[in-house]
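Undergrad: need a structure here:
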Amino acid sequence: MSAAVNASAGWGDVFAEVNPYSISATGIGLALGLSVLGAAWGIFLTGSSLLGAAVKVPRIRSKNLISVIFCEAVAIYGVIISIILQTKLTAPDDMTNVTRQMYYAGYSIFTSGLTVGIANLSCGICVGVTGSGCALADAQNASLFVKILIVEIFGSALGLFGVIVGIIQSSKATFT
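TA: Next up, the predicted model:
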């Protein structure tokens, strides 16, 4: 091809060359990977503060583990959406005849996975920071635990909202 032909190619041409099954698998991987990364980051933030504060005030060890459980829920959200998105993939009959519906399904699953992954990454960090603050506040004043735990629950809901949006985004994705 000449340079003039390549220079006139647009993003639509680039996106049309991507296999819809590959892009949907990438979205599923992003949903799972970013969700687990968010959970790990949150556990790191919460766990380090919890262990540090528990050295001075041992009574906070057991009840502040709920923050770690909230972080683990973020990873579970990623597993759930990955299973849901994986069920939308079907074996191709013939990859030489890729239809618009296949492209729609592939990019729909990709954006769904990306949305859930970013939402759960943010949720994991949010829950980790809030859980860290909860552990430190509980070490100072035991009456603050329930108050900060409520804020942590609201932060944990962000990941669930991401899953709901991801399900809606991929609801019409079919490879037929």
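Undergrad: okay, now the unreliable bits of this protein?
TA: 1-8 (pLDDT under 70).
Undergrad: tell me where this structure has helices.
TA: 3-7, 11-16, 20-56, 65-86, 100-140, 145-169 (DSSP state H).
Undergrad: now do the contacts for the residue nearest the centre of the chain.
TA: In the chain, the residue lying closest to the centroid (C-alpha atoms, centre = their mean) is Gly117, at 2.6 Å. Counting by C-beta atoms under 8 Å, 6 or more residues apart in numbering, Gly117 touches Leu30, Ala31, Leu32, Gly33, Leu34, Ser35, Gly78. Glycine gets a C-beta too; all of them are placed from N, C-alpha and C.
Undergrad: turn these into CSV, including distance to Val14 and neighbour count.
TA: Listed next are the contacts of Gly117 as CSV, based on distance: C-beta to C-beta, whole Å; neighbours: other C-beta atoms under 10 Å:
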residue, distance to Val14, neighbour count
Leu30, 19, 22
Ala31, 23, 33
Leu32, 26, 24
Gly33, 24, 16
Leu34, 24, 22
Ser35, 28, 32
Gly78, 28, 31
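Undergrad: out of those residues, which is nearest to Leu149?
TA: Ser35 (22.1 Å; C-beta to C-beta).
Undergrad: what sits closest to that closest one if chain neighbours are left out?
TA: Nearest residue to Ser35, sequence neighbours excluded (C-beta to C-beta, 6 or more residues apart in numbering): Gly78, at 2.3 Å.
Undergrad: same question for Ile118.
TA: Leu34 (6.3 Å).
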